[in-house]
Structure formats: C-alpha cells, structure tokens
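**Student:** I'll drop the sequence and a predicted model, then ask my questions.
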Amino acid sequence: MFCIMTVKVSLTTRADRHYSGDTYTVSQEDLEKGVNVVRLFPNSYWEYVESIYIRVYPEEGCVAVESRYGSHRYPMDKQSRWESGEIGLSYACCEIGITFIP
C-alpha cells in the first residue's frame, strides 16, 4: 500500500494568439497500473503528441514519468511538477504539465 496522491494533468493549447486549457485527474487505479496520460486528451492530439507514461513505484517511494519529452522520478511524499515543453500540433502547439500532490 502506498500513500494516496492526487495527479493533475494540464493541457494548454495555443493557436495563433488564442489559448485554451483543460485539466484531467488520474485515478489511483490507473496510477498503480501505469497510464499513458495522452489518452486522456481528445483524440485529435493523439497523432501529434507522443506517449507520456506515469506510474507509481511504492517499493521505491516514487512516481515516474517516462516520455521522449523527458523522464524523471519524483518522491511520493513531496509535491512535484513535470512539464513537457512546447509540442507542435498541426496548426497549433501545446504544453503538458503533470502535478503530483501527496
């Protein structure tokens, strides 16, 4: 058993000078199994944004992000944030942020 944590995924999209944003929450069950957070987004993003996997490793006391945009392990007992940087879409770009809250 590991400590319950909240995982919020933010998606910010910019087209020209117009911004939009959405926030998603990852369930504890998905966090335990591992989840590709890109699958939370509308399917129009799936062609352009490569997989971003997150998973908790209770035996190591960490949560991991694995992606071509950067991979990192964060301690489960501290608030942390991972950011993708700018990702090009067809006629726009987006940025993804993942916040881990113990």
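**Tutor:** That came in fine, so what should we check first? Numbers count the residues shown, from 1 in each chain.
**Student:** Run through the helices of the protein in chain order.
**Tutor:** 28-33 (DSSP state H).
**Student:** low pLDDT regions in it?
**Tutor:** Within the chain, the segments meeting pLDDT under 70 span 1-3.
**Student:** hmm, 80 instead?
**Tutor:** Scanning the chain for pLDDT under 80 picks out 1-4.
**Student:** Find the residue at the geometric middle of it.
**Tutor:** Centroid-nearest residue in the chain, with Cα atoms, centre = their mean: Ile98, separated by 4.1 Å.
**Student:** my read: that one touches Trp82, true?
**Tutor:** Yes: contact criterion Cβ atoms under 8 Å: Ile98 and Trp82 qualify, at 4.5 Å. Using the backbone N, CA and C atoms, a C-beta is placed for each residue, glycine as well.
**Student:** re earlier: what sits against the residue nearest to the centre of the chain?
**Tutor:** Val7, Lys8, Val9, Ser10, Val37, Ile52, Ile54, Val65, Arg81, Trp82, Glu83 (Cβ atoms under 8 Å, 6 or more residues apart in numbering).
**Student:** can you do 10 Å?
**Tutor:** 7-10, 24, 26, 37, 52, 54, 63, 65, 67, 72, 74, 80-84 (Cβ atoms under 10 Å, 6 or more residues apart in numbering).
**Student:** now do Gly97
**Tutor:** Contacts of Gly97 by Cβ under 10 Å, 6+ apart are Lys8, Val9, Ser10, Leu11, Thr12, Gly21, Thr23, Arg81, Trp82, Glu83, Ser84.
**Student:** Identify the contacts common to Ile98 and Trp82.
**Tutor:** Common neighbours of Ile98 and Trp82 (criterion: Cβ under 10 Å, 6+ apart): Val9, Ile52, Ile54, Val63, Val65, Ser67, His72, Tyr74.
**Student:** For His18, see how far away the second one is.
**Tutor:** Distance from Ile52 to His18, counting by Cβ to Cβ, to the nearest Å: 24 Å.
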